[in-house]
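> Predicted model, plus sequence, below.
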Amino acid sequence: MKHTLLCVDDEKDILSALERVFRKKYNVITANSAKEGLELLRNNEVSIIISDQKMPQMTGVEFLKASIKVNPKPIRILLTGYTDIDSVIKAINTGEIYRYITKPWDPVDFINTVGNAIEKYELRKELVEKNIALSDALEELKSLDEAKNNFMFLVNHELKTPLTVITSFMELLKETSLDEEQELYTQRISKSVQKLNHLIHEVLELVSAETGQVQLNFQKISSKVLFEDIDIKYIKPAKYKNVQVTQDIDDIKLLIDKKIILNIIDRIMDNALKFCNKDSIIQLSVKLVDQENYKAKVSITNEGEAISKTVIQKILKPFTLNEETMNHSKGFGLGLSISQALLGTQNSSLEFKSQDEHTEVSFLLDVVK
């Protein structure tokens, strides 16, 4: 579709000359006065305005200024003689005019100038469209945030309530005389209820962290104190694979939410125990790595099959399961997603290194200055 040029001049010969220069490539509409030009601008989609400077009632600069109120989108070019250069330069410097062309004009230079102006017009139009698209995307994001909040309300009130009722009646059933088959059924129902309750808890924790609704309680605590019971906690699950849990912890004063960090460590340790080799070692390490910015690095390293970057990206997304990677383990695929979201509340994030049958999951924490 051709772009439209609006040419305004009180001399008809000039308008005819402009039409001859540009009619092959553009739609050219002409006006014999500023008033007529403004009227045409109101009723046509114009890309470029070319106006003579010396016109009765209204100069070219005055007309182009007035045209901005009618339609600010077109690119404006001024035709002028050398005697008007000072006033024209002033107008250009205030940003109302793209360029001026002196009479008599060089046809090649004029055509190139208009071509460049068309490019500028298209770029400006594209920018406006992208800004609109970005605004729409922002509104969509706001809607998604609102949907998350509504989802939390739904989960809390519409799912927990019937589950509570089911659990209550299950307890009543267990107090009655049940045959062997009925006991099997009640056990399976109870297990499913527990699984669904756990999923609800995980989803609520994820959404709460992502929507900034987690209540934070920052405190100063020694890394030695923070992880003093870690060995005891994982003796039983580690024994299943004959895995040894070791520590290499510097005594560093951390500024953290203790509950959140221990939650994250539990989730990372759970994954390490699931995917590590039998008869291997899992090491928890806390080291001061950035004295200038007061950061400590917490890392958990396990021995096992290396994980590709593609798989790492997948397992960080909620509800993603990779059966080969996860060794057909059971779960919702939320553990690391929740850890990542919770770390956001501590101004940190998970980092992965996986090579030579060693996988390290780490994150940075603030150190007390």
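Structure's in. What do you need? Residues are numbered from 1 along each chain as shown.
> Mind jotting down where the strands sit in the stretch 101-250 of the chain?
Ranges of strands in the stretch 101-250 of the chain, per DSSP state E, counting those that start in this stretch, are 218-222, 244-249.
> neighbouring strands for the host helix or strand of Leu288, and are they parallel or not?
In this assignment (DSSP states H and E), Leu288 forms part of strand 281-290. Using DSSP bridges, strand 281-290 pairs in its sheet with strand 244-249 (parallel), strand 295-303 (antiparallel).
> out of those, which comes closest to Ser192?
Nearest to Ser192 among the strands paired with strand 281-290 is strand 295-303 (31.1 Å), distances taken as Cβ to Cβ. Every residue, glycine included, has its C-beta placed from N, CA and C.
> For that closest one, give me every contacting residue.
Contacts to strand 295-303, defined as Cβ atoms under 8 Å, 6 or more residues apart in numbering, come from residues 223, 250, 252, 254, 261, 265, 268-269, 272-273, 275-277, 280-289, 357-367.
> Please pull out the lowest mean pLDDT helix or strand from this structure.
Least confident helix or strand of the chain, by mean pLDDT, DSSP states H and E, is helix 85-93 with a mean of 68.
> so where is the stretch 201-350 of the chain shaky, pLDDT-wise?
By pLDDT under 70, the low-scoring segments of the stretch 201-350 of the chain are 231, 315, 317-333.
> now with 80?
203-204, 207, 210-213, 229-240, 290-293, 306-334 (pLDDT under 80).
> Mind telling me which residue is nearest the centre of this protein?
Note on the chain: the residue nearest the mean C-alpha position is Leu141, at 9.0 Å, using Cα atoms, centre = their mean.
> Just the pLDDT for that residue.
At Leu141, the pLDDT value in this model is 72.
> Would you check how far apart it and Thr113 are?
With distances taken as Cβ to Cβ, to the nearest Å, Leu141 is found 42 Å from Thr113.
> And Leu262, by the same measure?
Using Cβ to Cβ, we find Leu262 at a distance of 68 Å from Thr113.
> Please say which of these two ends up with more neighbours.
Using other Cβ atoms under 10 Å as the criterion, Leu262 and Thr113 rank with Thr113 on top: 20 against 16.
> isn't that one right next to Ile97, touching?
No - with contact defined as Cβ atoms under 8 Å, Thr113 does not reach Ile97; the gap is 11.9 Å.
> Would you mind grabbing the residues shared as contacts by the two?
Ile77.
> Pull the number of nearby residues for Gln355.
Number of residues near Gln355 (other Cβ under 10 Å) recorded here: 9.
> can you check Ser177 too?
That count, for Ser177 with other Cβ under 10 Å as the rule, works out to 5.
> Before we move on, what's the pLDDT of it?
Note for Ser177: predicted pLDDT of 88.
> Past the helix or strand where Lys69 lies, which element shows up next along the chain?
Taking DSSP H and E as the definition, Lys69 sits inside helix 60-70. Once the chain leaves helix 60-70, the next helix or strand it forms, by DSSP H and E, is strand 75-80.
> between the strands paired with strand 281-290, which one is nearest to Gly37?
Nearest to Gly37, of all these, is strand 295-303, at 64.1 Å by Cβ to Cβ.
> ok, and for the closest one, which residues are buried?
Within strand 295-303, the residues that count as buried by 16 or more other Cβ atoms under 10 Å are Lys295, Ala296, Lys297, Val298, Ser299, Ile300, Thr301, Asn302, Glu303.
> mind checking how far Lys25 is from Asp257?
Distance check for Lys25 against Asp257: by Cβ to Cβ, it reads 66 Å.
> oh, I was asking about Val225
On the measure of Cβ to Cβ, Val225 and Asp257 end up 15 Å apart.
> Report the backbone C-alpha coordinates of stretch 42-60 in PDB.
Provided in PDB are the C-alpha atoms of stretch 42-60 (Å, rounded to 0.1, in the frame of the first residue of the first chain):
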ATOM      1  CA  ARG A  42      -8.200  15.600   9.000                       C
ATOM      2  CA  ASN A  43      -9.700  13.400   6.300                       C
ATOM      3  CA  ASN A  44      -6.700  11.400   5.000                       C
ATOM      4  CA  GLU A  45      -4.100   9.000   6.400                       C
ATOM      5  CA  VAL A  46      -1.000  11.000   5.700                       C
ATOM      6  CA  SER A  47       2.600   9.800   6.100                       C
ATOM      7  CA  ILE A  48       4.600  12.900   5.000                       C
ATOM      8  CA  ILE A  49       3.700  16.600   4.900                       C
ATOM      9  CA  ILE A  50       5.600  18.900   2.600                       C
ATOM     10  CA  SER A  51       4.900  22.600   3.100                       C
ATOM     11  CA  ASP A  52       6.200  25.800   1.600                       C
ATOM     12  CA  GLN A  53       7.400  28.400   4.200                       C
ATOM     13  CA  LYS A  54       6.100  31.600   2.500                       C
ATOM     14  CA  MET A  55       2.300  31.400   2.300                       C
ATOM     15  CA  PRO A  56      -0.400  34.000   3.000                       C
ATOM     16  CA  GLN A  57      -2.300  34.000   6.400                       C
ATOM     17  CA  MET A  58       0.000  31.300   7.800                       C
ATOM     18  CA  THR A  59       3.700  30.500   7.300                       C
ATOM     19  CA  GLY A  60       4.900  27.000   6.700                       C
END
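> got the contact list for Met269?
By Cβ under 8 Å, 6+ apart, the contact set of Met269 is Ile230, Tyr234, Val245, Ile282, Leu284, Ile300.
> again, but for Leu365
Leu254, Leu255, Ile256, Ile261, Lys295, Ala296, Lys297, Val298, Gln346, Ser348.
> residues contacting Glu45?
Listed by Cβ under 8 Å, 6+ apart, the contact set of Glu45 reads Thr4.
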